[in-house]
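In: Give me coordinates for this.
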Amino acid sequence: MSAIPPNDDSVVLPPKRRNTGKIVAIIAAIVVVIVAAVLVVVNLNRPDESTAAGSNAIETGLGSADEPVRIGVVGASDPYWTVYADAAEAEGISVEIVDFAEYNQPNPALTEGELDLNQFQHLVYLAQYNVDAGEDLTPIGSTAIYPLGLYSDKYTSVDDIEDGETVAIPNDPSNLARALGVLQAAGLVELTTEDSTFATLADVDTDASRVTITTLEPSLTASSLPDVAAAIVNNDFLEPAGLEGSDALAQDDPENPAAIPYINVFASTADNVDDEVLNRLVEIYQNDQAVLDGVVEQSGGTAIITKTPVEDLRDTLAEIEANVGE
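Out: A predicted model of the protein is given here:
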């Protein structure tokens, strides 16, 4: 049979050719998508450097960004408090350091719920406050013992202080008693009591003493130096007055076992003594070397860091409270 000739109107199509360029482009796009997906998975499983430090941050409740732990201190400008706050932040705990100008302010603020912790006082001061105010603030950790020193603008030796001169000391009961002990050890006053822990001005034997005592609010004894022969100045007020621990004419010995009542502590309300966040903050203070170095540096090298067991702190506090006013 003969072939049928093609119709003149028919169109003869050329053989199909593969579009290799388009195929390559599609394959490349698929590879890009796969690679991108792999990178996303890897990044999801790798800690983000910008958030790694805060990955353990407390999201709600005490210690969160919305509810920072408020810690009352005297001397918030001391550089180690910034170091401490940063160390706490690295542990996921937000803190706010609240500054007070005078010692008689942080305990009432803690009692009234304006603070969660305070750190400015030794056990004798805390005991005196609890007894006088009928409160039960409680130590949850120790920090350091600071010597209490006698300073002068006029004299370079205790022996040079002339008889009849005036010496200024803090007027709060616990530091007043401790100051009298320093002056007695220095030979400037004579006390009629063997234990100076609770000594008052009534215990000063004025006839046998070399100097006259005047009492001032603790933050003012340093500024009184131009007007008196010498003054007892608490450690917190040395740096603002341009004084250093090495300038002291006399001081008590912070390493003496008798100094235990003068251990400085973190204090909380009795209801919060077992709070995990607050106790973790104590541990951070006690174990962060940069914080401890800052504490010692700020004290002019005089601070003795302590990690006294909490039970011992509370037993000592109870003993002191039992003797307050006797």
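In: sec struct for the nearest residue to residue 286 once chain neighbours are set aside, please.
Out: Leaving aside its sequence neighbours, residue 286 sits nearest to residue 307 (C-beta to C-beta, 6 or more residues apart in numbering; 5.5 Å). Yep, even glycine has a C-beta here, placed from its N, CA and C like the rest. Here residue 307 is recorded as coil under DSSP: H, G, I helix; E, B strand; the rest coil.
In: got it, and residue 120?
Out: Residue 120 is classified as strand under three-state DSSP.
In: separation between it and residue 158?
Out: Applying C-beta to C-beta, to the nearest Å, the value for residue 120 to residue 158 is 28 Å.
In: what does residue 73 give?
Out: 32 Å.
In: Also residue 140?
Out: Counting by C-beta to C-beta - residue 140 and residue 158 are separated by 38 Å.
In: ditto for residue 259
Out: Taking C-beta to C-beta as the measure, residue 259 falls 20 Å from residue 158.
In: which regions of the stretch 51-200 of the chain lie under the pLDDT threshold?
Out: 51-55 (pLDDT under 70).
In: what are the ranges of the strands in it?
Out: All strands of the stretch 51-200 of the chain, identified by DSSP state E, counting those that start in this stretch, fall at 69-73, 95-99, 117-122, 138-145, 149-151, 166-170.
In: can those strands go into a markdown table with extra columns for mean neighbour count?
Out: Shown next, in a markdown table, are the strands of the stretch 51-200 of the chain (neighbours: other C-beta atoms under 10 Å):
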| stretch | mean neighbour count |
| --- | --- |
| strand 69-73 | 22 |
| strand 95-99 | 18 |
| strand 117-122 | 24 |
| strand 138-145 | 23 |
| strand 149-151 | 25 |
| strand 166-170 | 23 |
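In: Distance to residue 109 for those strands - can I get that in CSV?
Out: Below are these laid out as CSV (distance: least, C-beta to C-beta, whole Å):
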stretch, distance to residue 109
strand 69-73, 6
strand 95-99, 8
strand 117-122, 7
strand 138-145, 16
strand 149-151, 28
strand 166-170, 20
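In: quick one: which of those is nearest residue 318?
Out: Proximity to residue 318, assessed across the strands of the stretch 51-200 of the chain by C-beta to C-beta, is greatest for strand 138-145 (10.2 Å).
In: Please write out the alpha-carbon positions of the closest one in PDB.
Out: Provided in PDB are the C-alpha atoms of strand 138-145 (Å, rounded to 0.1, in the frame of the first residue of the first chain):
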ATOM      1  CA  THR A 138      17.200  36.100 110.900                       C
ATOM      2  CA  PRO A 139      20.700  35.600 109.500                       C
ATOM      3  CA  ILE A 140      20.900  33.300 106.400                       C
ATOM      4  CA  GLY A 141      24.700  33.700 105.700                       C
ATOM      5  CA  SER A 142      27.900  35.300 106.900                       C
ATOM      6  CA  THR A 143      30.000  37.800 104.800                       C
ATOM      7  CA  ALA A 144      33.000  39.200 106.700                       C
ATOM      8  CA  ILE A 145      34.300  40.700 109.900                       C
END
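In: List of residues touching that strand?
Out: 117, 119, 122-123, 126, 254-255, 259, 262-270, 273, 278-279, 282-283, 285-286, 295, 299, 303-308, 310, 313-314, 317 (C-beta atoms under 8 Å, 6 or more residues apart in numbering).
In: switch the cut-off to 7 Å
Out: By C-beta atoms under 7 Å, 6 or more residues apart in numbering, the surrounding residues in contact with strand 138-145 are 119, 123, 126, 254, 259, 262-268, 270, 273, 278-279, 282, 285-286, 295, 303-308, 310, 313-314, 317.
In: neighbouring strands for that strand, and are they parallel or not?
Out: strand 263-268 (antiparallel), strand 304-305 (antiparallel) (DSSP bridges).
In: What sits closest to residue 67 if chain neighbours are left out?
Out: Closest residue in space to residue 67, ignoring its immediate chain neighbours: residue 61 at 6.2 Å, by C-beta to C-beta, 6+ apart.
In: next one: residue 71
Out: Excluding the flanking residues, the one nearest residue 71 by C-beta to C-beta, 6+ apart is residue 117, at 4.7 Å.
In: now that neighbour: how far from residue 251?
Out: With distances taken as C-beta to C-beta, residue 117 is found 28 Å from residue 251.
In: residue boundaries of the helices in the protein?
Out: Chain-ordered helices for the chain, with DSSP state H as the definition, fall at 20-45, 79-90, 106-111, 123-133, 173-185, 276-287, 289-298, 310-323.
In: Include mean neighbour count and distance to residue 236 when you put the ones you listed into JSON lines, please.
Out: What follows is the helices of the chain, written out as JSON lines (neighbours: other C-beta atoms under 10 Å; distance: least, C-beta to C-beta, whole Å):
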{"stretch": "helix 20-45", "mean neighbour count": "10", "distance to residue 236": "49"}
{"stretch": "helix 79-90", "mean neighbour count": "18", "distance to residue 236": "12"}
{"stretch": "helix 106-111", "mean neighbour count": "20", "distance to residue 236": "11"}
{"stretch": "helix 123-133", "mean neighbour count": "22", "distance to residue 236": "12"}
{"stretch": "helix 173-185", "mean neighbour count": "23", "distance to residue 236": "11"}
{"stretch": "helix 276-287", "mean neighbour count": "18", "distance to residue 236": "16"}
{"stretch": "helix 289-298", "mean neighbour count": "16", "distance to residue 236": "9"}
{"stretch": "helix 310-323", "mean neighbour count": "16", "distance to residue 236": "20"}
